[in-house]
Each structure stands twice: as C-alpha cells, then as structure tokens.
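Undergrad: With the sequence up front, the predicted model follows.
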Amino acid sequence: MKSVKQKTILVAGGAGFLGSHLCERLIEQGARVVCLDNFQTGDRANLRRLEREDGFELIEADIVDPLPAKVARRKFDEIYNLACAASPPLYQVDPEHTLLTSVLGTHHLLKLAHACGARFLLTSTSEVYGDPDVHPQVETYRGNVSCTGPRACYDEGKRAAETLCFDYDRLGRGVVRVARIFNTYGPRLSASDGRVVSNVVSQALAGEDITVFGDGSQTRSFCFVDDTVAGLMKLMAYDGAQPGPINIGNPVERTICDLVDRVLAITGSSSEVVYRPLPIDDPRRRKPDIGKARELLGWSPETTLEQGLKATIAWFEKEAPASADAAEA
Ligand code: NAD
Ligand code: UDP
C-alpha cells in the first residue's frame, strides 16, 4: 500500500472554502495535490499558501465540460469531488449549471477514477434529507426533498450524484465513498458567500443590521472546518467494505437566534437584529446522527461552537473585508 507521500490526489473544487483547507492538509501530509476549479465561488486568495508548495498544482477547468487532457490523461490515487457552489443564494444564480455540476461533473470524475484506478470521494450534503421529518437525521432516512423548488438544483443534483457513485460501486468500477456534510463554517468562508455564519459575522463586525430569516427558531448543527476535513480524510482512508453514505457534521443543534447571540457576545457588536422572510423550502431542523462515523471511522468533531466562532471571527477581522452586501440573498 502507498503512503500518503507517494500519492497524487485530485481535489475538484479545491479553491473553495472546504477544498482549500483539504488541499492544505493533504500537502502537509506530503501528497502531490492537483486542484481543479472553475473559480465560480472559489477564490485565488484561498490558494495563497498552497501556490508556494512544489507539490501543488492548479488547473482551471469546469467539471461540467469534458475534463482537460492534462487531467484526463493523468493517474491519480485519490479523487475528492468538492466542486459545487454550496451557498443557497450562489447555487441558485445558475441552477442549471449547479445541477449539471453534480450530475455531469461527478460522472466525468467517476469515469476518470475508473480509468486510472483512483479511490473516489463525493462530498454530498445534509440537503439530501431536505426539510426532514426524521430527527436527528440518520443515513437510512430517505429524506423529504422538493424536486421542483429553488433548492432542488442542489439537493437533487447531490442525490443523483450519490446514485451515480453507488452504481459505480455496484458495477465494480472502483472504490467509492460518500460523505453527507452538514453545515460547516470557519476561516475562508467568503464574506459575500451568503451563508448564515459568514453573513452574521461580517455584519456584526461591520456594525450592520444582522439579518435573521424567519423568526430564527429554525436549527442547524454547525461543524468547524478542521473537523469536517478530518472526517473527509478518514472516510477516504476507510478500507472496509462499502459503508454507504456517512454523515459528517456536529451533532450539537442550535437555533439561528442562538448562533446570532453567540456571535454578538464574542464580537461585542451592538448590531441590531432584523427579521427577513424565510426563503422557500428552508429546512426547519437539521442535526446529524453521527453514530456511523464514530463507529466506522472513529471520528467525531472536537471543536466547540465557541472555539470555532472565535477562530472564524479572528480570521474575518484580519482577512475579510467588511461586507456591505453580505445579507443579499
Ligand atoms: P465553495 O462554494 O466554497 O466551494 C466550491 C468550489 O467548487 C469553489 O471553489 C467553486 O469555484 C468550485 N466549483 C463549483 N462548480 C464547479 C464546476 N462546475 N467545475 C469546477 N469547479 C467548480 O463551497 P464549500 O463550502 O467549500 O463546499 C465544498 C463542497 O462540500 C461542495 O460540493 C458542497 O456541496 C459540499 N458541502 C459543503 C457544506 C458546507 O457547509 N460547507 C455542507 C454540505 C456539503
Ligand atoms: N439565514 C439567516 N440569515 C442569513 C443567512 C441565512 O437567518 O443571513 C438562515 C437560513 O434561512 C437558514 C439558516 O440560516 O435557515 C442556514 O442558512 P445557510 O444558507 O447558511 O445554510 P443552509 O440553509 O443551506 O443550511
């Protein structure tokens, strides 16, 4: 078996929030990393440290298109597919492209994995559970997704991508892993990304009104980026028989109002909270059952919300420009 130092790893979506952290961890372990990204929501600034590394290479391409020859002809040991806008306002800008990114893009990468014998990991999402009527969400729950609403391009795209992955596995075309990631936050979330943590933190720091959608009683379970990335790497390394999809998230559930209170307390901001309409199909509750990840991967999150928010806020204070339009949804 190859050590990480001998591996060449493709990270599609490597210039994004999660992808850039993953690339850094892989480079630290000595792997050669090829990042493939179309910069739709990714940022060159996320790659600042990586681009100084000999083992790192960036290829600009869209996975909806046939893969460029310099990727398609290469041999990879592992392929992580993180390519897909993850913020609701951003993935809804071009819903057709979002759906095709998950379906066609995942298909292109699976074919590459099959051709070169690479192990493949899809970053699926808690959104496959939709607005869940089973709580907490366990992997066997089949979900409550609208296939016609504005979130469907993302949710149904990921569901179809999962289907492709498990069909590849059943057809014996390679080793496939599927992570269902729950809301992750941390340094490098873009201030204009539109997700709740980046909006609230940048609004609090700028002294702007904090936009709560609905009455703020809806819940999410927030996982710090380092924990999520560690979970993805453990899942990729898992050598047992096909484990099926695995939830990667923090099981501590919070209301949006609770999140806002914590950010206001840490920043000492005197921003006012303003209430805006709840977006269509916004899930009421979300909390992962991570029993499977604990048992099979020996993984569980280690960072508390307090610790993670402090690290995130410190990064926003230093790196992210205060955003006047962070709340645009
Ligand atoms: P992100 O938007 O910061 O990163 C996505 C990256 O993919 C960006 O660099 C973007 O430019 C790139 N990309 C998008 N479409 C592409 C395409 N067609 N071809 C090539 N590159 C493309 O999002 P993120 O939060 O880092 O999420 C990464 C992955 O994890 C996504 O697949 C997302 O669905 C999944 N995920 C994230 C979360 C979360 O809370 N962060 C939760 C569930 C699932
Ligand atoms: N949200 C909010 N204010 C914002 C952005 C989001 O109240 O400025 C709410 C949103 O309606 C949802 C929750 O926060 O209920 C999480 O939203 P996010 O877009 O981060 O992730 P997702 O809905 O995909 O879980």
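TA: It's in. Numbering: from 1, shown residues only. Ligands and ions are numbered 1, 2, ... in the order given.

Undergrad: count of neighbours near Phe222?
TA: By other C-beta atoms under 10 Å, 24 other residues sit near Phe222. Every C-beta, even on glycine, is put in place using the N, C-alpha and C of the backbone.

Undergrad: Look up how far ligand 1 lies from it.
TA: According to C-beta to the nearest ligand atom, to the nearest Å, Phe222 and ligand 1 sit 9 Å apart.

Undergrad: cool, Gly186 as well?
TA: Remark: distance between Gly186 and ligand 1 (C-beta to the nearest ligand atom) = 9 Å.

Undergrad: Tell me if I am right that Arg177 is in a strand.
TA: Yes: secondary structure of Arg177 (DSSP: H, G, I helix; E, B strand; the rest coil): part of a strand.

Undergrad: tell me the contacts of it?
TA: Arg177 makes contacts with Arg119, Phe120, Leu121, Leu122, Leu235, Met236, Tyr238, Pro243, Ile246, as judged by C-beta atoms under 8 Å, 6 or more residues apart in numbering.

Undergrad: Can you pull the phi/psi pair for the fifth one?
TA: Which is Leu235. Dihedral angles of Leu235 (phi, psi; degrees, to the nearest 10) stand at phi -70, psi -40.

Undergrad: In terms of pLDDT, where does it sit?
TA: The model reports Leu235 with a pLDDT of 98.

Undergrad: So it is in contact with Leu297, correct?
TA: Yes: between Leu235 and Leu297 there is a contact under C-beta atoms under 8 Å: 6.0 Å.

Undergrad: hang on, the earlier thing: just the buried residues of the contacts of Arg177.
TA: Buried subset of these (neighbour count, 16 or more other C-beta atoms under 10 Å): Arg119, Phe120, Leu121, Leu122, Leu235, Met236, Tyr238, Pro243, Ile246.

Undergrad: got CSV for those residues, with secondary structure and distance to ligand 1 too?
TA: Below are the buried ones among the contacts of Arg177 laid out as CSV (DSSP: H, G, I helix; E, B strand; the rest coil; distance: C-beta to the nearest ligand atom, whole Å):
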residue, secondary structure, distance to ligand 1
Arg119, strand, 17
Phe120, strand, 14
Leu121, strand, 11
Leu122, strand, 8
Leu235, helix, 13
Met236, helix, 14
Tyr238, coil, 18
Pro243, coil, 18
Ile246, strand, 13
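
Undergrad: between those residues, which is closest to ligand 2?
TA: Within those, the smallest distance to ligand 2 is 17.6 Å, found for Leu122 (C-beta to the nearest ligand atom).

Undergrad: quick one, what contacts the closest one?
TA: Asn81, Thr106, Ala161, Glu162, Cys165, Val176, Arg177, Val178, Ala179.

Undergrad: rerun that using 6 Å as the cut-off
TA: Contacts for Leu122 (C-beta atoms under 6 Å, 6 or more residues apart in numbering) come out as Asn81, Ala161, Cys165, Val178.

Undergrad: Closest one to ligand 2 out of these, please.
TA: The nearest one, if we look at those relative to ligand 2 and count by C-beta to the nearest ligand atom, is Ala161, at 16.7 Å.

Undergrad: what about the stretch 201-329 of the chain, any weak spots by pLDDT?
TA: Scanning the stretch 201-329 of the chain with the threshold set as pLDDT under 70 gives 320-329.

Undergrad: ranges for the strands of it?
TA: In the stretch 201-329 of the chain, the strands defined using DSSP state E, counting those that start in this stretch lie at 210-213, 219-221, 223-224, 246-248, 253-255, 273-276.

Undergrad: For the stretch 151-300 of the chain, what lies in contact range of ligand 1?
TA: By the rule C-beta under 6 Å from any ligand atom, the part of the stretch 151-300 of the chain lying against ligand 1 is Ile181, Asn183, Thr184.

Undergrad: Arg220 is in contact with the second one, correct?
TA: It stands for Asn183. Yes: in this structure Asn183 lies within contact range of Arg220 using C-beta atoms under 6 Å: 4.7 Å.

Undergrad: so which residue of the stretch 201-329 of the chain comes closest to ligand 2?
TA: Nearest to ligand 2 in the stretch 201-329 of the chain, going by C-beta to the nearest ligand atom, is Phe213, at a distance of 3.5 Å.

Undergrad: now the stretch 1-150 of the chain
TA: Closest point on the stretch 1-150 of the chain to ligand 2, by C-beta to the nearest ligand atom, is Pro88, at 4.7 Å.

Undergrad: Can you check which helix is longest in the chain?
TA: In the chain, assigned by DSSP state H, the helix with the most residues is helix 152-170.
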